[in-house]
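[1] Curious how this folds, go ahead:
(one chain, ligands or ions: 2)
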Amino acid sequence: MIVIMRPDAGEEEVEQVVARLKKLGFGVHLSRGVERTVIGAIGGEREKLALASEGIETLPGVERVQPISKPYKLVSREFRRDPTLVRVGEVVIGGEEVVVMAGPCAVEGEEQLLRAAEAVARAGARILRGGAYKPRTSPHSFHGLEEEGLRLLARVRERVGLPLVTEVMTPEHVPLVAQYADMLQVGARNMQNFHLLRAVGRTGKPVLLKRGMAATIEEWLLAAEYILSEGNYQVVLCERGIRTFEKETRNTLDLNAVPVAKELTHLPIVVDPSHGTGKWNLVRPMSRAAVAAGADGLLIEVHPNPSEALSDGPQSLRPEEFSRLMGEVVRVARAVGRYCREPVGALSP
Ligand code: PEP
Ligand code: MN
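    Numbering: from 1, shown residues only. Ligands and ions are numbered 1, 2, ... in the order given. Now for the predicted structure:
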């Protein structure tokens with residue numbers, strides 16, 4: 001349930017409610033909005049909740065007590081009306097800016113990474129992506145450079161000045177990856193790895209939570225709820241396509257998820273048209289569509305030479321194509337009342 005405080009309620013009154021809820025055995029989460037504070041009480045049985053709400057409603061400063069109708073609580077719009085802003089270095093996701101994260105699917109070596117990173121930075125990307133630990137369908141495929149890949153990412157981050165997002169696949173790797181990354185990516189295949197979700201939640205680092213390829217939006221939001229339950233509200237959702245009967249594309253990019261998520265949750269949502277389509281020539285149109293639908297950002301795979309990529313070459317953009325995409329995204333963002341950083345270098349269209 002949530003306890004909605006009156007707009008004029010003071011700190012002491014909030015504390016009194018928090019103390020009472022804790023005494024009753026609830027997990028307590030505070031949401032301080034622009035107008036008022038909302039206190040989330042999580043984890044009681046139904047009878048206890050009913051009893052507690054009666055007593056709490058009479059405490060000073062309390063406007064009303066209300067159950068949360070959805071199975072997820074902390075991620076719901078009911079708990080927090082204002083959009084959550086997620087900070088990755090100096091970049092803010094969830095505000096007016098459309099934030100583009102780009103880079104290779106996998107870190108393959110210093111030169112490849114640097115060339116991709118310089119190109120995406122020049123074209124206006126705000127966050128560098130690159131996998132050091134790669135979840136691959138086949139055990140015979142390239143699985144990433146692991147810690148060496150993390151070291152390369154950290155070195156290139158210094159060179160190009162962009163914060164970095166990279167995937168972590170197991171709870172055991174979380175402390176190591178968190179040492180290097182500015183944002184931790186939980187991949188589609190791990191969306192319901194509940195130990196991993198709790199572990200990234202405990203780091204307090206921003207998390208990019210990809211939608212499982214067969215996950216409903218509700219399951220995805222419940223996965224995010226695990227991270228928030230650890231006290232980490234810095235979560236960005238990423239729609240990356242779901243499995244359907246359609247075979248022309250690798251996945252079906254579910255752009256419905258963007259406005260749906262905006263209604264259901266306060267968390268930002270970004271779109272990954274690279275995995276969502278699996279085809280480089282579809283990435284630009286679907287990027288435009290994602291931004292038009294209200295996405296807070298994009299995750300795009302870029303490789304200096306896609307035909308030689310060790311993973312996801314067919315969906316990776318060459319730098320020139322990425323630069324073109326950025327030019328278009330800037331215009332669409334403007335058309336829907338947002339903005340996106342303009343390309344700054346020689347590659348701009
Ligand atoms: C990736 O971002 O390279 C990746 C493996 O994505 P997903 O988990 O969405 O398949
Ligand atoms: Mn990939």
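[2] what about the helices in the stretch 101-250 of the chain?
    110-123, 147-160, 174-180, 194-203, 217-229 (DSSP state H, counting those that start in this stretch).
[3] The shortest one: which residues count as buried?
    For helix 174-180, the buried set under the neighbour-count rule, 16 or more other CB atoms under 10 Å, comprises Val174, Val177, Ala178, Tyr180. C-beta here means a position set from N, CA and C on the backbone, and glycine is covered the same way.
[4] At the contact with ligand 1, which residues of the stretch 51-200 of the chain appear?
    Cys105, Gly131, Pro135, Gly187, Ala188, Arg189 (CB under 6 Å from any ligand atom).
[5] and which of the residues you listed is nearest to ligand 2?
    Cys105 (3.3 Å; CB to the ion).
[6] can I assume that closest one is in contact with Pro306?
    No - counting by CB atoms under 8 Å, Cys105 sits too far from Pro306 to count as a contact (9.7 Å).
[7] shared neighbours, the two?
    Residues touching both Cys105 and Pro306 (CB atoms under 8 Å, 6 or more residues apart in numbering): Ser316.
[8] just to revisit the earlier point, going by distance to ligand 2, which of the buried residues of helix 174-180 wins?
    Val177 (16.6 Å).
[9] tell me the contacts of that closest one?
    So Val177 contacts Ala132, Tyr133, Leu150, Thr166, Glu167, Val168, Leu184 (CB under 8 Å, 6+ apart).
[10] Now do the same contact list for the residue of the stretch 101-250 of the chain found nearest ligand 1.
    Closest residue of the stretch 101-250 of the chain to ligand 1, CB to the nearest ligand atom: Gly187 (3.0 Å). With contact set as CB under 8 Å, 6+ apart, Gly187 has these partners: Pro135, Glu167, Met169, Lys210.
[11] between these, which has the most around it?
    Lys210 (26 neighbours; other CB atoms under 10 Å).
[12] On the pLDDT front, check that residue for me.
    As predicted, Lys210 sits at a pLDDT of 99.
[13] Quickly list what it is bridged to.
    The residues listed as beta-bridge partners of Lys210 by DSSP bridges are Cys238.
[14] before we move on, the earlier item: neighbour-wise, which of Cys105 and Pro306 wins?
    Cys105 (25 against 19).
[15] Skipping adjacent residues, who's closest to the more buried one in space?
    Asp312 (3.8 Å; CB to CB, 6 or more residues apart in numbering).
[16] That neighbour contacts Asp272, doesn't it?
    No - with contact defined as CB under 8 Å, Asp312 does not reach Asp272; the gap is 11.0 Å.
[17] ok, the two, which is more surrounded?
    The neighbour comparison of Asp312 against Asp272 (other CB under 10 Å) goes to Asp272, with 30 against 20.
[18] next one: phi and psi at that one?
    Backbone torsions for Asp272, taken as degrees, to the nearest 10, come to phi -110, psi 90.
[19] wait, doesn't it sit right on Leu237?
    No - counting by CB under 8 Å, Asp272 sits too far from Leu237 to count as a contact (10.7 Å).
[20] Just give me the neighbour total for Asp182.
    22.
[21] Repeat that for the one 10 residues further on.
    Close neighbours of Gln192, defined as other CB under 10 Å, add up to 16.
[22] Contacts only, for it.
    Contacts for Gln192 (CB under 8 Å, 6+ apart) come out as Gly212, Ala215, Glu219, Ala223.
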